[in-house]
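# just coords:
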């Protein structure tokens, strides 16, 4: 991967493992949070539901990668559908929360791994799901990540990006002008037309189709759910 991908991944690892683990643990629970974080929580719930709708209802016998699994909410849903899940995240702290929250038969179907979601040693998969784990990367790095995942995926790559909107552009600029130590690495708004164009031009992805996407907007949370299918 590019140097920009590696640098961003390093900043994300430090943020989620050292700075914001407790914040994300609370955000992804049913504990009371601020109104702004309530909109983020609701938006993430809707995005997760959109990604799940794009997957088969029955995943029995299929191997699925939850790339950037966080506290394992999506991993649990995939396991509930019968998938054998490899749940990878760069944050050991968030993986610890996931192991504590998931139990019983579902936990038996999930293999938690700490590390890079693009690591080829994770093996091959029928489907890959990457919810909000590519939103901090430049468009070219997103395409490169999809190429790497596509080499090891048989059926579908289901992912989200941060769409380029006036609100996200303003938030992105504010983050540059007023940096704070406890803020996550900046989200990179993506122009969907450019992303689609780069995907279609890449020879490694020509056998993949790119259906219509789904926009989720909830207060300060905006996400575009997309997928590549064979």
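Sure, I can see it. Bear in mind that the values here come from a model prediction, so they are computed numbers and not experimental data.
# surely residue 118 is in contact with residue 145?
Yes - in this structure residue 118 lies within contact range of residue 145 using CB atoms under 8 Å: 5.9 Å. From N, CA and C alone the C-beta is placed, and that goes for glycine too.
# joint contacts of those two?
residue 1 (CB atoms under 8 Å, 6 or more residues apart in numbering).
# next, the closest residue to residue 89 other than its chain neighbours: phi, psi?
Leaving out its chain neighbours, the residue that sits closest to residue 89 by CB to CB, 6 or more residues apart in numbering is residue 69, at 4.9 Å. Here the main-chain torsion angles of residue 69 (degrees, to the nearest 10) amount to phi -70, psi -20.
# could you do residue 115 as well?
Here the main-chain torsion angles of residue 115 (degrees, to the nearest 10) amount to phi 150, psi -160.
# correct me, but it touches residue 87?
No - counting by CB under 8 Å, residue 115 sits too far from residue 87 to count as a contact (11.2 Å).
# between these two, point out the one with more neighbours.
residue 87 (27 against 13; other CB atoms under 10 Å).
# what bridges to the more buried one?
Taking DSSP bridges, one finds residue 66, residue 112 as the beta-bridge partners of residue 87.
# enumerate every residue touching it.
Per CB under 8 Å, 6+ apart, neighbours of residue 87: 66, 69, 72, 75, 95, 98, 110-113.
# run through the residues that contact residue 139.
Here residue 139 is in contact with 188, 190-191, 194-195, 198 (criterion: CB under 8 Å, 6+ apart).
# tell me the helices and strands packed up against the strand or helix carrying residue 100.
When secondary structure is defined by DSSP states H and E, residue 100 falls within helix 92-101. The criterion is 3 or more CB pairs under 8 Å, 6 or more residues apart in numbering; DSSP states H and E, and the helices and strands that helix 92-101 contacts are helix 21-27, strand 84-89, strand 110-114.
# okay, and residue 228 sits in which element?
Following DSSP H and E, the helix or strand that holds residue 228 is strand 221-229.
# hang on, residue 59 in a strand?
No - assessed with DSSP: H, G, I helix; E, B strand; the rest coil, residue 59 is coil; it does not lie in a strand.
# measure the residue lying closest to it once chain neighbours are set aside to residue 33 for me?
Sequence neighbours aside, residue 83 is the residue nearest to residue 59 in space, at 3.7 Å (criterion: CB to CB, 6+ apart). Distance check for residue 83 against residue 33: by CB to CB, to the nearest Å, it reads 30 Å.
# ok, which stretches of this protein are strands?
In chain order, the chain shows strands spanning 63-67, 84-89, 110-114, 125-130, 153-161, 214-218, 221-229, with DSSP state E as the criterion.
# give me the number of neighbouring residues for residue 10.
The local packing of residue 10 (other CB under 10 Å) involves 12 other residues.
# mind naming the longest helix for this protein?
Assignment by DSSP state H gives helix 35-53 as the longest helix of the chain.
# mind listing what's buried along it?
Counting neighbours by 16 or more other CB atoms under 10 Å, one finds that the buried residues in helix 35-53 are 37, 39-41, 43-44, 46-48, 50-52.
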